[in-house]
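Undergrad: kindly return the folded structure for what I paste below:
(one chain, ligands or ions: 2)
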Amino acid sequence: MRVLFADSVGKSTVTDLEARGHTCVVEPTLQAGDLAARVAGFDVLVVRSTKVGAEVFEGADRLALVIRAGAGTNTIDTATAAARGVLVANLPGRNAIAVAELTLGLLLAVDRRIVDGTVDLRAGRWDKKSYSAAQGLYGATIGVLGLGSIGLEVAQRAAAFGMHVMALSKPGRSARTTARLEELRVRTVETLEDLLPACDVVTLHLPSSPDTVGLVDKDFLSLMKPGAVLLNTSRGELVDEDALLEALDEKDLRAGLDVYADEPGSGQAEWTSRLAQHPRVVGTHHIGASTQQAQDAIADGVVEIVDAFVRGEPPHCVNLTPSRIGSSTLTVRHLDRVGVLARVLDLLSRKGLNVEQMQNRVFRGGDAAVATIDVDGVVTDDLVAELGASSDVLGVSSTTIDSA
Ligand SMILES: NC(=O)c1ccc[n+]([C@@H]2O[C@H](COP(=O)([O-])OP(=O)(O)OC[C@H]3O[C@@H](n4cnc5c(N)ncnc54)[C@H](O)[C@@H]3O)[C@@H](O)[C@H]2O)c1
Ligand SMILES: O=C(O)[C@H](O)COP(=O)(O)O
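TA: Ligands and ions are numbered 1, 2, ... in the order given. Alright, predicted model coming up:
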């Protein structure tokens, strides 16, 4: 396969892919605007934060997979990719520890004014007096919004500092996450109105989505305690930056930011931002994921996705429908013989059930197989019995798909 890298990823990725016979073209200086003209002839495109707009998919002749060598896929037009049948996969969790480390670093830097102090020292000024006014983190309360890979790592590190961790309750959390929250003594509350006034620090670990863009607005900030700290290492567009500028001045809020709404899309650029220049802000250059450890993990992940894609099972695809769709999943265990599935599908068709998606896996030894078939329509006990009556069918079960 031909793989185009439009951002720099660990060298081992290219070495490993070339060792498998793939052709890699590495052009980390490609700009978003050049991608559409460059992507022809490539099967796979690998990007970090370079934007992949609709025009890229419209110009592509054989592009089948875009790999986001990181977590957030908001920079990729996943809907157009889906309409064109191009898979978009990311690498969730691989850079979570790196981002959590930076988040705590920003918090310490804000609390102790480490950056201002360093600037003064470099300028030959000793000022123990001015820099001795930190509050300290022990016993303070931190509200973590978004308890995914990064949020949980942040909660763990904050708890290790002796902070009380709060979060919003959310239905459908996995048993594993729930157990982890109990272990870390995370106190959950129902609403932002309950959470924000109780927190000395609020940290954002949500993806950019229609639900989260502009979440931190005037109302949100007005609920925060005067003098509290806002940390954002997720995405700039979650914050209404004008409202934050006002709150920094009027409520003495402080902020630690790694991301900005209008940050440059390239690695180096002339860029000024009132927010990044504000004296109550400690800022970094969207470097949350940029540790060697995280990038090594991402490099391995890119190779794993290409390997899985070659096998026909790419993981972490963000623009496929959820794993189960329709009203019911039928599981049909059957002998691996010609015509068995055709008879099953024929019966479903005669009963007016639309097959949404299906998969057939063969058991070791090759004698039997199991088909999982998501259907839309009413699966009756009679249908299950009729499917199971065939001598080639070993067993049939049906489960309702929960669409909540
Ligand atoms: N600064 C950086 O370099 C950097 C690096 C990695 C990720 N990020 C950003 O951080 C985000 C989070 O990364 P992650 O790896 O933790 O992702 P994740 O998918 O593991 O976690 C996101 C969490 O947010 C929750 N969530 C989503 N929408 C929500 C909503 N409307 N209300 C409440 N909860 C909601 C999800 O259920 C999930 O638990 C990414 O989407 C990306 O934008 C930034
Ligand atoms: O979503 C991510 O993984 C981060 O924002 C990292 O972006 P980067 O790969 O451009 O550093």
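Undergrad: so what does the longest helix seen in the chain touch, helix or strand wise?
TA: With secondary structure taken from DSSP state H, the chain has its longest helix at helix 292-311. Identification of packing neighbours for helix 292-311 by 3 or more CB pairs under 8 Å, 6 or more residues apart in numbering; DSSP states H and E yields helix 11-19, strand 44-47, strand 65-68, strand 87-89, helix 96-112. Backbone N, C-alpha and C define where each C-beta goes, glycine included.
Undergrad: just send the ones you listed back as a markdown table, with distance to ligand 1 and mean neighbour count too.
TA: What follows is these, written out as a markdown table (distance: least, CB to the nearest ligand atom, whole Å; neighbours: other CB atoms under 10 Å):
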| stretch | distance to ligand 1 | mean neighbour count |
| --- | --- | --- |
| helix 11-19 | 18 | 16 |
| strand 44-47 | 14 | 27 |
| strand 65-68 | 10 | 27 |
| strand 87-89 | 14 | 24 |
| helix 96-112 | 4 | 21 |
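Undergrad: can you redo the ones you listed as CSV with mean pLDDT?
TA: Formatted as CSV, the helices and strands packed on helix 292-311 follow (pLDDT from 0 to 100):
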stretch, mean pLDDT
helix 11-19, 95
strand 44-47, 98
strand 65-68, 98
strand 87-89, 96
helix 96-112, 98
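Undergrad: okay, these in JSON lines with distance to I305 next?
TA: Conversion of the helices and strands packed on helix 292-311 to JSON lines gives the following (distance: least, CB to CB, whole Å):
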{"stretch": "helix 11-19", "distance to I305": "10"}
{"stretch": "strand 44-47", "distance to I305": "9"}
{"stretch": "strand 65-68", "distance to I305": "5"}
{"stretch": "strand 87-89", "distance to I305": "5"}
{"stretch": "helix 96-112", "distance to I305": "17"}
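Undergrad: what residues of stretch 260-274 count as buried?
TA: Within stretch 260-274, the residues scored as buried using 16 or more other CB atoms under 10 Å are Y260, A261, E263, S273.
Undergrad: oh sorry, the question was meant for stretch 137-150
TA: L137, A140, T141, I142, G143, V144, L145, G146, L147, G148, S149, I150.
Undergrad: closest one of those to ligand 2?
TA: Using CB to the nearest ligand atom, I150 comes nearest to ligand 2 of these, at 9.3 Å.
Undergrad: does any part of the helix or strand harbouring that closest one sit near ligand 1?
TA: Element membership of I150 [criterion: DSSP states H and E] is helix 149-160. Yes - against ligand 1, helix 149-160 shows contacts by CB under 6 Å from any ligand atom at S149, I150, G151.
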